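J.: give me the fold of what follows.
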Amino acid sequence: MANTSGKATALTVLSPIVNQIIDGKSCADITRERCYRLPIHEKSPLAKVPNTYLARLFVLDNVYYESLTASDSIFNFSEITSIFSDSARLKALPRKDQLKSKYLVFSTNFHGDLDEYLTGMWEKWSYDDNGQQRGVQHIWEHCVAFDGVKDSSSFISYMKRCQLDATLFFNGSTDDSLQEQLKSLYLKQEFSKFAAANQGKSAADLQQAFKVFIEKVQPENLDQPSWVPGQSTP
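T.: The predicted structure is shown next:
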């Protein structure tokens, strides 16, 4: 399927934003500001959503216009069209597409099933750390028809209605769960430290140090010690 690669799934959602002004600000600008204010890395609310590989939110104001292709030494389009009238040249240019709305774009790659992921997103990101209802509802509040979203089931239906299929989805990670990948990153980092700290030791001392290292990092324990979701540095 276009939206899956192994056990990884791609989700791209474009939710149209209501074209209204509230207290002197457009709904699009309010939504954009709320996205900007989201904390990042370990404190990101998306770090709470199970099995999120990566995710981003932004407001799409309009599509970019791509004009003429670059010229080369053999064929120069602009020189050829210069012999025609302005109206004829304008008709030859690519047609500009314009969006009828501004969109809240949510793009994510994750491990597992779409419905389970969206359920986790609704359940884990409905409230902030202070217990305020400033999660999913807060970000999508000014999107068209989101006022009908009241629970995880209606949230799943809404997101699927706004979903775009991925045409060239490439999974840049492994097929392992997020928990396994975080543990692998932790082990890689700690083993690099171990190698640097034990240069030049005798075989006996190195073997003893390695036993201590294994007891410390617990390779078979996925829970801890490990990196945490959203972590970007050791």
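
J.: so how far is Val105 from the residue most central in space within the chain?
T.: By C-alpha atoms, centre = their mean, the chain has its centre lying nearest to Ala55, at 1.7 Å. Ala55 is 11 Å from Val105, where distance means C-beta to C-beta, to the nearest Å. C-beta: built from backbone N, CA, C; applies to glycine.

J.: one more: Cys27?
T.: Taking C-beta to C-beta, one finds Cys27 at 15 Å from Val105.

J.: going by neighbour count, list what's buried in the helix of greatest length in the chain.
T.: In the chain, with assignment by DSSP state H, the single longest helix is helix 178-197. Within helix 178-197, the residues scored as buried using 16 or more other C-beta atoms under 10 Å are Leu178, Gln179, Gln181, Leu182, Lys183, Ser184, Tyr186, Leu187, Glu190, Phe194.

J.: and which of those is nearest Lys201?
T.: Closest to Lys201 out of the buried residues of helix 178-197 is Phe194 (10.9 Å), distances taken as C-beta to C-beta.

J.: surely the closest one meets Val212?
T.: No: assessed by C-beta atoms under 8 Å, Phe194 is found out of contact with Val212, at 9.4 Å.

J.: quick check: Ile139 touching Leu57?
T.: Yes: look at Ile139 against Leu57 with C-beta under 8 Å: they come within range, at 6.7 Å.

J.: sec struct for the residue nearest to the centre of the chain, please.
T.: Look at Ala55: counting by DSSP: H, G, I helix; E, B strand; the rest coil, its state is strand.

J.: Ser15 too?
T.: strand.

J.: what about it, neighbour count?
T.: Ser15 is flanked by 22 other residues according to other C-beta atoms under 10 Å.
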